[in-house]
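K.L.:
What follows is a predicted structure for the sequence shown.
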Amino acid sequence: MKKLRKIIFPVAGLGSRFLPATKATPKEMLPIVDKPLIQYAVEEAIEAGFKDLIFITGKSKRAITDHFDSTLERFSNVDDKKAKLMDEMNQIVPEDVSCIYIRQGEPLGLGHAILQAKPVVGDEPFAVSLADDLIDGQPGVLAQLVEQYNEQQKSVIAVQNVDKSESKKYGMIDSNNFDSDLVKLSNIIEKPDPEFAPSNLGVVGRYVFSNTLMSFLEKTSFGAGNEIQLTDGIKLMLKQEEVYAYTFKGKRYDCGSKLGYLMANIDYGIKNSEFGKDLKEYIKDIK
Ligand code: G1P
């Protein structure tokens with residue numbers, strides 16, 4: 001059995017829901033308090049033991065590449081506090097972890113983005129993380145998925161209960177048995193109308209796949225939005241091998257939406273040791 005070492009971060013999306021903020025800044029660089037979304041996703045991956053971080057980037061995404069470089073200069077006249085901060089900035093990615101950047105030349109969908117990593121993934125299993133789903137979990141949701149993958153030796157995708165009226169925002173799954181937090185998929189549909197949603201379980205942006213997903217994505221034709229959809233690749237995979245869905249423990253914020261993004265900033269702000277109490281007081285008094 002090959003160990004899980006590789007994780008793909010598809011970060012080429014245009015971020016049009018956040019214009020004008022994302023006109024020249026990648027949406028993954030938007031901060032929650034003081035840390036960009038992509039850094040939360042990277043830290044979660046490192047915590048889960050991933051060693052090769054594969055970013056699928058595109059136009060106007062250079063800031064992401066720059067962010068994980070350790071190029072911050074140390075000035076001789078900075079005070080201790082600032083020097084400590086600078087050192088921390090240089091250690092976001094530990095030495096035994098590599099960042100690999102691949103361009104997605106055309107915006108042809110999430111499935112297409114993942115396929116761009118095929119030459120680097122080789123014959124290994126791999127994970128996928130969508131940074132605009134920020135998940136506050138202890139341990140992180142990727143560590144939870146890795147544990148399930150190691151036990152099952154099958155692909156596992158993260159799901160959560162969603163209101164059926166929201167089904168058009170998610171890949172929605174079906175199973176023959178919803179008895180536990182780990183269920184075997186019988187079907188998956190990308191963003192169905194509520195009346196066609198097979199259950200209340202919606203996919204959130206964390207996945208661990210056996211290597212065969214790549215070959216199924218290669219066979220996936222253009223689907224919704226004239227894009228190669230990851231969900232359609234998973235659907236093909238289901239015909240040949242088992243895929244599991246895991247209801248993770250933790251709170252997910254949809255930071256692809258403005259409301260979810262603001263909620264995350266409020267919750268993470270309130271938890272901040274420096275000013276959390278003051279923020280809470282301030283919010284309490286809002287009329
Ligand atoms: C993507 C996937 C969808 C999944 C969602 C989770 O959609 O296509 O299946 O439920 O991420 O955030 P997107 O939000 O990129 O449109």
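P.N.:
Received it, and whenever you're ready, just let me know what you need.

K.L.:
Quick one: the helices in this protein, in order.
P.N.:
Along the chain, the stretches classed as helices by DSSP state H are 37-47, 62-67, 80-89, 110-115, 118-121, 141-152, 213-218, 230-238, 258-270, 276-284.

K.L.:
rank the ones you listed by pLDDT, which is bottom?
P.N.:
Per-segment confidence across these bottoms out at helix 80-89, which has a mean of 79 in mean pLDDT.

K.L.:
Ok, which of the helices of the chain comes nearest residue 187?
P.N.:
Distances from residue 187 to each of the helices of the chain were compared using CB to CB; the minimum, 7.2 Å, belongs to helix 230-238. Yep, even glycine has a C-beta here, placed from its N, CA and C like the rest.

K.L.:
circling back to that earlier point, Throw the helices of the chain into CSV and include mean neighbour count and distance to the ligand, thanks.
P.N.:
Compiled in CSV, those are given as follows (neighbours: other CB atoms under 10 Å; distance: least, CB to the nearest ligand atom, whole Å):
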stretch, mean neighbour count, distance to the ligand
helix 37-47, 22, 12
helix 62-67, 15, 17
helix 80-89, 11, 28
helix 110-115, 24, 5
helix 118-121, 16, 19
helix 141-152, 20, 12
helix 213-218, 20, 13
helix 230-238, 23, 5
helix 258-270, 16, 10
helix 276-284, 12, 27
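
K.L.:
Residue 167 is nearest to which of the ones you listed?
P.N.:
Of all the helices of the chain, helix 230-238 sits nearest to residue 167, with 12.5 Å by CB to CB.

K.L.:
How about the residue in the protein that sits furthest from its center?
P.N.:
If you look at how far each residue of the chain sits from its centre, by CA atoms, centre = their mean, the farthest one is residue 77, at 38.8 Å.

K.L.:
List the contacts of that one.
P.N.:
With contact set as CB atoms under 8 Å, 6 or more residues apart in numbering, residue 77 has no partners.

K.L.:
Same question for residue 27.
P.N.:
By CB under 8 Å, 6+ apart, the contact list for residue 27 reads 13, 15, 17, 18, 21, 37, 132, 256.

K.L.:
Buried ones from those residues, can you make that a PyMOL selection?
P.N.:
Typed into PyMOL, the line below selects the buried ones among the contacts of residue 27, using 16 or more other CB atoms under 10 Å:
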select buried, resi 13+15+18+37+132+256
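
K.L.:
Which of the contacts of residue 27 sits closest to residue 207?
P.N.:
Checking the contacts of residue 27 against residue 207 with CB to CB, the nearest one is residue 132 at 14.4 Å.

K.L.:
Please report how far that closest one lies from the ligand.
P.N.:
For residue 132, the distance to the ligand (CB to the nearest ligand atom, to the nearest Å) stands at 7 Å.

K.L.:
in the sheet, who's paired with whichever residue of the stretch 151-287 of the chain sits closest to the ligand?
P.N.:
In the stretch 151-287 of the chain, the residue found nearest to the ligand is residue 171; the distance is 2.7 Å by CB to the nearest ligand atom. Taking DSSP bridges, one finds residue 190 as the beta-bridge partners of residue 171.

K.L.:
Please apply the same query to residue 6.
P.N.:
residue 52, residue 126.

K.L.:
And residue 92, its phi and psi?
P.N.:
phi -60, psi -40 (degrees, to the nearest 10).

K.L.:
pretty sure it is in contact with residue 39, am I right?
P.N.:
Yes - between residue 92 and residue 39 there is a contact at 6.4 Å, judged by CB atoms under 8 Å.

K.L.:
what sits in contact with each of the two?
P.N.:
residue 67.
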